[in-house]
Every structure is written in structure tokens, then in C-alpha cells.
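In: Just a sequence and a predicted model for now, questions to come.
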Amino acid sequence: LFKGPTAVAYAKDEVTAAKVIVEFAKGNEKLQVLGGSLDGKKLSVSDVKALATMPSLDELRAKIIGLLNAPASKLVGVLQAPAGQVARVVGAYSKKG
């Protein structure tokens, strides 16, 4: 893979490097992805492109946090709904009477 002019991209998060290179190669005809390496294993061009479609570590963390927070926010909404209904009924009676 290292014959001729060659560039190497790396990042702490493996997915980020693949995403950046694949996206940049889409707009630049002269840049070709020849392959990659992950944990000592050779990756083909299709492997690098598949890696680029995966969510990054930060995206996965955000999804997990969102899943953990969702039940709590739904519970708060359910608990507040009856109080809101009572307030609307009381407000309607006060306007009426």
C-alpha cells in the first residue's frame, strides 16, 4: 500500500479517521482509499468504507445517554399530566363561575 505518493490518517477513534478520509475522497477524484489497518489486521477498501458508516464512539455514547434518560423524562411527563389536567379543570370552573 505504500508505493508512490501516500498519505496516512489516524485518530484515537478508529471510525473517525475512516469517516473523514472516505468523505474527503468523495469530493476529490485524485484521492483514492487503498486500504487500512485496524488492530494489526489489513482492511480492504470496502472494509474501510464499511467502517466509515459506523457511528463514532461519541455518537454511541450520546445514544446510550439518550436511552438512559428517556424513561426518566417519560415518567416525569406521566406524573405531571394529571396535575395539569386538574389545573385546567379548576381554571375552567373559575372562569365559568
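Out: On my side now, so go ahead.
In: going forward, measure contacts and count neighbours with C-alpha atoms only.
Out: Will do.
In: which secondary structure element contains Leu34?
Out: Leu34 is part of no helix or strand when elements are defined by DSSP states H and E.
In: isn't it right next to Val45, touching?
Out: Yes. With contact defined as CA atoms under 8 Å, Leu34 and Val45 form a contacting pair (5.7 Å).
In: Can you show me the helices along this protein?
Out: Assigned by DSSP state H, the helices in the chain fall at 14-27, 45-53, 57-96.
In: Tell me which of the ones you listed approaches Lys3 most closely.
Out: With CA to CA as the criterion, Lys3 lies closest to helix 45-53 of those, at 16.1 Å.
In: now for the closest one, which elements pack on it?
Out: helix 14-27 (3 or more CA pairs under 8 Å, 6 or more residues apart in numbering; DSSP states H and E).
In: name the helices or strands packed onto the helix it packs on?
Out: helix 45-53.
In: what does the helix it packs on rub up against?
Out: 15-20, 22, 33-36 (CA atoms under 8 Å, 6 or more residues apart in numbering).
In: so which of those is the most crowded?
Out: Ala18 (24 neighbours; other CA atoms under 10 Å).
In: Output the helices of the chain as CSV; include the columns mean pLDDT.
Out: Below are the helices of the chain laid out as CSV (pLDDT from 0 to 100):
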stretch, mean pLDDT
helix 14-27, 88
helix 45-53, 89
helix 57-96, 76
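In: Export those to JSON lines and append columns for distance to Ala7.
Out: Formatted as JSON lines, the helices of the chain follow (distance: least, CA to CA, whole Å):
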{"stretch": "helix 14-27", "distance to Ala7": "10"}
{"stretch": "helix 45-53", "distance to Ala7": "15"}
{"stretch": "helix 57-96", "distance to Ala7": "24"}
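In: between the ones you listed, which one is nearest to Phe2?
Out: Nearest of the helices of the chain (CA to CA): helix 45-53, 14.5 Å.
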